[in-house]
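Engineer: below are the sequence and a predicted model; questions follow.
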Amino acid sequence: MNSKAENTRKTYGYAFNKFRKWCFTHNISYLPATDFHVSLYLTSLSNTCSSAGTIDEAFYAISWAHKLAGFPNPCSSELTISAREGCHRTIGKQLINKKEPITSNILKQLCALYGGESCSLLDIRICCMCLLSYAGFLRFSELVHLKRSDICFYGNYMTLTIQKSKTDRYKEGSNVVVSCTNEITCPVRITRRYLSLANINDQSNEYLFRSITYCKNSNTYKLRGEKCLSYTRAREILLDALASLGLDRTKFGLHSLRAGGATAAANHGVCDRLFKKHGRWKSETAKDGYVSENLRQQLSVTKNLGI
């Protein structure tokens, strides 16, 4: 079981359980299953789901369960592979709603509104979360599991130790270097300020981003609890902040911050090796999927054709 990451096991377990219930409904065997029945299941899924990712989850979950149990894998047959491909084509790409990347201009507006000298811990938290995600190309899971002990400050930069990452299969950890920028959006300055307002001391091993409560007696905010923010709550905080700037909240998500930082770096000519290392990508395909080229770069293709 430990050959897969915990989140992968949960996803596969949930997807395989749906397949198991479907098999019970039709009075057929789910383990082992035949390639014909798996193909029928994938086809039935394509009639109700809106994402090709759901098809892939089912396909890989069924394959995973059969390999674990030592049964022949029905997902390796040409019939099942063709059924999966057919489902992808049936669903179509038009149903994919890819979120837009957040830009540096949006972050400047955000910090102007929520990063002023008189702003509270509640306001500074959203600025710190956004700037760290953007500057470090952080996934939500990497951001929310940051602890005070993972941050080290130096003269004109700081380092973030990512203890566990999606692509770090054996939990070796990695360091992300974030520079001072001397701008209103400087991630180092905002992080220092957030730690100070939150009363998180240098020796603390607590999560940075947690729930915040309001104290009537002192008219201040303070962190409470030991658990880190949930995905749902963090997303709600971000979208509410973007909506206050007059932006369409349906166009953005938490991943917009990682995509925004990656896009800005790529469009400013950061070399591929450094770009890939900073974002902890293992493949070129995954890395390129985060970048939205600007018009100038798109036009450069034709301009460099010698015509």
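Structural biologist: Cool, got the structure.
Engineer: longest helix in the protein, please.
Structural biologist: For the chain, the helix with the greatest residue count under DSSP state H is helix 6-25.
Engineer: got the buried residues for that helix?
Structural biologist: Judged by neighbour count (16 or more other CB atoms under 10 Å), helix 6-25 contains these buried residues: 11-12, 15-16, 19, 22-23. All C-beta spots, glycine's among them, are computed from the backbone N, C-alpha and C.
Engineer: look up phi and psi at residue 158.
Structural biologist: phi -140, psi 160 (degrees, to the nearest 10).
Engineer: how many neighbours does it have?
Structural biologist: For residue 158, the neighbour count with other CB atoms under 10 Å is 21.
Engineer: likewise the one 4 residues further on?
Structural biologist: The tally of other residues near residue 162 (other CB under 10 Å) stands at 20.
Engineer: wait, isn't it in contact with residue 280?
Structural biologist: Yes: using CB atoms under 8 Å, residue 162 makes contact with residue 280 at a distance of 6.9 Å.
Engineer: the longest helix of the chain: how far from the chain's middle?
Structural biologist: Here helix 6-25 shows a centroid-to-chain-centroid distance of 23 Å under the convention CA atoms, centre = their mean, to the nearest Å.
Engineer: I'd like the mean pLDDT over it, please.
Structural biologist: Averaged across helix 6-25, pLDDT comes to 94.
Engineer: who touches that helix?
Structural biologist: Here helix 6-25 makes contact (CB atoms under 8 Å, 6 or more residues apart in numbering) with 1, 4, 29-31, 33, 37-38, 41, 44, 57-58, 60-62, 64-65.
Engineer: near residue 133, how many other residues are there?
Structural biologist: 27.
Engineer: re earlier: buried subset of the contacts of helix 6-25 as a PyMOL selection?
Structural biologist: Command for PyMOL that selects the buried part of the contacts of helix 6-25, burial taken from 16+ other CB under 10 Å:
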select buried, resi 30+33+37+38+41+57+58+60+61+62+64+65
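Engineer: give me the subset of the contacts of helix 6-25 that lies in helices.
Structural biologist: Among these, DSSP H puts 37-38, 41, 44, 57-58, 60-62, 64-65 in helices.
Engineer: what's the most distant pair in these?
Structural biologist: 44 and 64 (20.0 Å; CB to CB).
Engineer: report pLDDT for residue 62.
Structural biologist: Reported pLDDT for residue 62: 97.
Engineer: I'd say it and residue 75 touch.
Structural biologist: Yes: between residue 62 and residue 75 there is a contact at 5.7 Å, judged by CB under 8 Å.
Engineer: shared neighbours, those two?
Structural biologist: residue 38.
Engineer: quick one: which of the ones in helices among the contacts of helix 6-25 is nearest residue 199?
Structural biologist: For the ones in helices among the contacts of helix 6-25, the nearest to residue 199 is residue 57 (42.2 Å; CB to CB).
Engineer: one step back: tell me the one of the buried residues of helix 6-25 nearest residue 233?
Structural biologist: residue 11 (21.1 Å).
Engineer: and the gap between that closest one and residue 234?
Structural biologist: 20 Å (CB to CB, to the nearest Å).
Engineer: name the helix or strand for residue 178, please.
Structural biologist: Take DSSP states H and E as the rule and residue 178 turns out to sit in strand 174-179.
Engineer: could I get the average pLDDT for that strand?
Structural biologist: 90.
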